[in-house]
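1. Predicted model follows, preceded by the sequence.
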Protein chains: 2
Amino acid sequence: MQAEYDVYEDKCPTRMVLDRLADKWSVLILDRLDNEAVRFNQLRRDIKGVSQKVLSQTLKKLERDGLISRTVFATVPVTVEYALTPLGKTLTDCVSELAHWAERNMDEVLAAQKSYDKTLD
Amino acid sequence: MQAEYDVYEDKCPTRMVLDRLADKWSVLILDRLDNEAVRFNQLRRDIKGVSQKVLSQTLKKLERDGLISRTVFATVPVTVEYALTPLGKTLTDCVSELAHWAERNMDEVLAAQKSYDKTLD
DNA sequence: GATGCTTAGTTTCCAAAAGAAACTAGGTAA
DNA sequence: TTACCTAGTTTCTTTTGGAAACTAAGCATC
């Protein structure tokens, strides 16, 4: 860790990067791109519930940050493939862990919620 | 991973948990609570830029999900300590990795942004 | 005994973002 | 010519986020 950057500091540029990464859609996109390039509409179909606007915006930001690449193919109709860059691949383990943590611990979270809500009566 | 839960599904309860975890403030709070309990105002001072409202809301949600505990001490004035639960501790490695990834890769991200912005001229 | 400080929040208000749905545009197939 | 594919953008409404003020109890200072 370099001393010049501190994510706990309000004005540190790392805060903006964390804000991008610590986002539901970013995590799902990066996780989906693990091991294969995926087209826009395929991402839209796989990541259920994402709107075209938000998907488009999120992909653009991830591309700008150098985490994913965007490749246009001159097919008919034109197709666009998104893939992880080498930089993006350094996030794979962490993002996958975060994305799927809930699947492994959902029952415990649901029990905690139930217990918490009971104390509010 | 249990077959009954799939974070890619819109209506799956895991999606709500991911939405909670994949949040800038949640990540910073969980990271800050690694290895020690911290009081409300201390969190507020350490995590620079967080508003009292958002800190309070986020802590409440993390507590409801069973990731952190809230302990009130009858000091004068009353103090409240937040700490990771055993469930919350299972996220430590992953959350720390995500929180500090930017500090290690900021230069590369900044270079990518600069390069991306140049192509827009 | 009024002012100011601490604790841990809540409330209010406005701006920014998220989401749903419609629209664009170019080309193919029925 | 109607419909569907691609990959988006635009518009509008609702929800959320953030800044600042306020609450409330208790102690120290002047």
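-> Good, I have the coordinates.
2. In the lengthiest helix in chain A, which residues are buried?
-> When chain A is scanned for its longest helix (criterion: DSSP state H), the result is helix A:92-118. The neighbour-count check on helix A:92-118 (16 or more other Cβ atoms under 10 Å in any protein chain shown) flags A:94-95, A:97-103, A:105-106, A:108-109, A:112-113 as buried. (Each C-beta comes from the backbone N, C-alpha and C, glycine too.)
3. Model confidence score at A:Arg39, please.
-> Model confidence at A:Arg39, given as pLDDT, is 96.
4. count of neighbours near the residue of chain A found nearest DNA strand C?
-> DNA strand C sits closest to A:Pro77 of chain A, with a gap of 3.4 Å, by Cβ to the nearest atom of the strand. Applying other Cβ atoms under 10 Å in any protein chain shown, we find 4 residues neighbouring A:Pro77.
5. Chain A: helices as residue ranges?
-> A:13-21, A:24-32, A:40-46, A:52-64, A:86-89, A:92-118.
6. Chain B: which of the ones you listed is closest?
-> helix A:92-118 (2.5 Å; Cβ to the nearest Cβ).
7. Could you find the closest non-adjacent residue to A:Glu36?
-> Closest residue to A:Glu36 apart from its sequence neighbours, by Cβ to Cβ, 6 or more residues apart in numbering or on different chains: A:Ala83 at 7.7 Å.
8. and chain A, which residues reach DNA strand D?
-> A:39-42, A:52-53, A:56-57, A:59-60, A:70, A:77-80 (Cβ under 7 Å from any atom of the strand).
9. of the residues you listed, closest to A:Lys24?
-> Closest approach to A:Lys24 among those (Cβ to Cβ): A:Gln57, at 13.1 Å.
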